[in-house]
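> from the sequence below, what's the structure:
(one chain, ligands or ions: 1)
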Amino acid sequence: MLLASVLIAAALANPQEAKLQALLPEVFAKSAAHYRAIDAAATPLMDKGDVMEAVPHGDKPHGERRVPHGWNAKTGKLDMRSIYWWTSGHFPGSLWYLYEATGDGFFKDRATVWTEFIAPNSKVSDNHDVGFIMYCSFGNARRLLNTGKYDALLLETAESLSKRFSPDLGVIRSWGAIDEKDNFLVIPDNMMNLELLEWAAKNGERGTGNGERGNAKRFDDIARSHSVKTMEHHFRADGGTYHVLNYDQRPGFLGAVQEIRRGQGLSCETAWSRGQSWAIYGYTMMYRETKEPAFLEFAQKVSDFAMNHPNMPADGVPYWDFGAPGEERDSSAASIMASGLLELSTFVPGDKGAKYRAFAVKQLLSLCSDEYFAKPGENGDWLLKHGVGHKPAGSEIDTPLDYGDYYFLEALLRFRALQPGS
Ligand code: GLY
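This next block holds a predicted model:
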């Protein structure tokens, strides 16, 4: 009786949150059924290699290993991609979140298999994505299994990623060969890779306490430096992001921005929605890890840009670019943003924090609706419809995206954790 009165009082105080809270069991149960179907379809398509097999540096002998990534609506087939594709950590990561959401041991077992399958990424230094590939998968495994057995692998990944950092420029190279002279390309997506470095800084080799810092502090230095330089260069005065910056490596011009490219966005003058979401999530995460006030301030600036943008639709699911009203929505931009905003709301007191939380709840309610959440058997069994991968390249337009699902599940879990008594 007492519990019923508390629930009624909570619903009256915040009907939107009460509505989302009531939906959670059903959405998690449906999501679990979807991912069981994807796992069943994908398992015969994995290669037969041993999991956790070591590979030499710079070599990629496991290119035949495939992880579910998306769905081809024309053929109706599951899109399986190499374990070196930038999203390979998201399917295993979603399985971990489903284990967390449901407690069902099936998801723990399958998450373990798929996570260990992508282990060779720990030795990869030819892209920046290894940070979140490995942290979404092994990072969640570590957290949910409360084990240190993957720590060496995660620390090795942090080493591999940090090879892409230029001390001269103060940033990590996102794309391109590690020694490329003409271009040094950086994208806001890179902020997502810093969470691994922050973990490594706290869990790697520590100093002796006699003035020696140990190896690990270096990872924090790199993550902070990258965040500060990105904050300085990668955004317009209004907080909107550029996608690709090309930094100058010539003596005399070192660290200057020599070129802006539209990348996956509509133009150099507009903000690509998912890039904006990566920034919202990334600066919030960097504040969590460092407690540096400038990162919190900046997380609010990039969030305010998105939330208050005149082209933001009423349901909170952005068009694929803020300069492309009326074109396709990108559900992945919404789920990443919702997850970031929920965390940001915990750091910002008063009305402002409440606005971030309310916006995220609105986005999640939209994503849980029939408009975005797929019915069993449609959408290749992925959860969210209407994602946009790379519109200028004509690739993955109005389609499910594995990372859209991952941040959707994460956001729902973050929302659940915010509820009283959870
Ligand atoms: N990091 C690539 C993307 O967001 O599409």
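
> what does this protein have sitting close to the ligand?
Along the chain, the residues adjacent to the ligand under the rule CB under 6 Å from any ligand atom are 86, 189, 264, 274, 389. Every C-beta, even on glycine, is put in place using the N, C-alpha and C of the backbone.

> out of those, which are inside strands?
Cross-referencing the residues of the chain next to the ligand against strands under DSSP state E gives residue 389.

> and the host helix or strand of residue 92, C-alpha only, in CSV?
Taking DSSP states H and E as the definition, one finds residue 92 inside helix 90-102. Output in CSV follows, covering the C-alpha atoms of helix 90-102 (Å, rounded to 0.1, in the frame of the first residue of the first chain):
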residue,chain,number,x,y,z
HIS,A,90,29.0,-2.6,-29.8
PHE,A,91,27.3,-5.9,-30.4
PRO,A,92,29.2,-7.6,-27.5
GLY,A,93,28.6,-4.5,-25.4
SER,A,94,24.8,-4.6,-26.0
LEU,A,95,24.9,-8.3,-24.9
TRP,A,96,26.6,-7.1,-21.7
TYR,A,97,23.9,-4.5,-21.2
LEU,A,98,21.2,-7.1,-21.8
TYR,A,99,22.8,-9.2,-19.1
GLU,A,100,22.8,-6.2,-16.8
ALA,A,101,19.1,-5.4,-17.7
THR,A,102,17.7,-9.0,-17.4
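
> can you give me the buried ones in that helix?
By neighbour count on 16 or more other CB atoms under 10 Å, the buried set for helix 90-102 is 90-101.

> can you tell me how far the nearest residue to residue 96 once chain neighbours are set aside sits from the ligand?
Nearest residue to residue 96 in three dimensions, chain neighbours excluded: residue 140, at 3.8 Å (CB to CB, 6 or more residues apart in numbering). Taking CB to the nearest ligand atom, to the nearest Å as the measure, residue 140 falls 19 Å from the ligand.

> what are the contacting residues of stretch 137-147?
88-89, 92-93, 96-97, 99-100, 108, 111-112, 114-115, 118-119, 148, 150-151, 153-154, 157, 195-196, 199 (CB atoms under 8 Å, 6 or more residues apart in numbering).

> show me where the stretch 251-400 of the chain has strands.
Per DSSP state E, counting those that start in this stretch, the stretch 251-400 of the chain carries strands over the ranges 257-261, 387-390, 395-399.

> off-centre distance for stretch 283-299?
Centroid separation between stretch 283-299 and its chain, computed with CA atoms, centre = their mean, to the nearest Å, is 16 Å.

> ok, stretch 25-36 next?
Centre-to-centre, stretch 25-36 and its host chain are 21 Å apart (CA atoms, centre = their mean).

> what's the answer for stretch 364-383, then?
On the basis of CA atoms, centre = their mean, the separation between the geometric centre of stretch 364-383 and that of its chain is 19 Å.

> now stretch 412-422
Between the centre of stretch 412-422 and the centre of its chain there are 19 Å (CA atoms, centre = their mean).

> which parts of that stretch are buried?
Within stretch 412-422, the residues that qualify as buried are 412-415, 418, counting by 16+ other CB under 10 Å.

> kindly report the same for stretch 192-203.
Those buried within stretch 192-203 under the rule 16+ other CB under 10 Å are 192-201, 203.

> which ones are touching residue 34?
Each residue near residue 34 by CB under 8 Å, 6+ apart is listed here: 374, 376, 381-383.

> before we move on, back to that, for the strands of the stretch 251-400 of the chain, which one ends up most surrounded?
Neighbour counts (mean count of other CB atoms under 10 Å) averaged over each of these peak at strand 387-390, with a mean of 24.

> each with direction, which strands does it pair with?
Each strand that pairs with strand 387-390, with its direction, by DSSP bridges: strand 395-399 (antiparallel).

> around the residue in the chain positioned nearest to the ligand, how many other residues sit close by?
Ranking the residues of the chain by distance to the ligand (CB to the nearest ligand atom) places residue 189 first, at 3.7 Å. A count of neighbours around residue 189, defined by other CB atoms under 10 Å, yields 25.

> which residues are in contact with it?
Contacts of residue 189 were listed using CB under 8 Å, 6+ apart, and they are 128, 174, 274-275, 278.

> how about residue 76?
With contacts taken as CB under 8 Å, 6+ apart, residue 76 has the following neighbours: residue 380.

> and for residue 368?
Applying CB under 8 Å, 6+ apart to residue 368 gives the contacts 20, 23, 27.

> for the residues you listed, pick the one with the most neighbours.
Neighbour counts for the contacts of residue 368 were taken using other CB under 10 Å; the highest belongs to residue 20, with 21 neighbours.

> I'd assumed residue 17 was in contact with residue 362.
No - applying CB atoms under 8 Å, one finds residue 362 not in contact with residue 17, separated by 10.4 Å.

> okay, buried residues for the longest helix along the chain please.
Of all the elements of type helix in the chain, the one with the most residues (DSSP state H) is helix 15-42. Of the residues in helix 15-42, those buried by neighbour count under the rule 16+ other CB under 10 Å are 17-18, 20-21, 23-24, 27-28, 30-32, 34-39, 42.

> now swap in stretch 113-121 and tell me
By neighbour count with 16+ other CB under 10 Å, stretch 113-121 contains the buried residues 114-121.

> as a markdown table, the buried residues of helix 90-102 with distance to residue 269 and pLDDT would be great.
Conversion of these to a markdown table gives the following (distance: CB to CB, whole Å; pLDDT from 0 to 100):
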| residue | distance to residue 269 | pLDDT |
| --- | --- | --- |
| 90 | 30 | 98 |
| 91 | 35 | 98 |
| 92 | 37 | 98 |
| 93 | 34 | 98 |
| 94 | 35 | 98 |
| 95 | 40 | 98 |
| 96 | 39 | 98 |
| 97 | 36 | 99 |
| 98 | 40 | 98 |
| 99 | 43 | 98 |
| 100 | 41 | 98 |
| 101 | 40 | 98 |
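
> just send those residues back as TSV, with distance to residue 183 too.
Supplementary listing: those in TSV, determined by distance: CB to CB, whole Å:
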residue	distance to residue 183
90	27
91	31
92	32
93	30
94	33
95	36
96	35
97	36
98	40
99	41
100	40
101	42
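
> re earlier: drop anything exposed from the contacts of residue 34.
374, 381-383.

> just the closest of these to residue 245, please.
Residue 245 has its nearest neighbour among the buried ones among the contacts of residue 34 in residue 382, at 31.6 Å by CB to CB.
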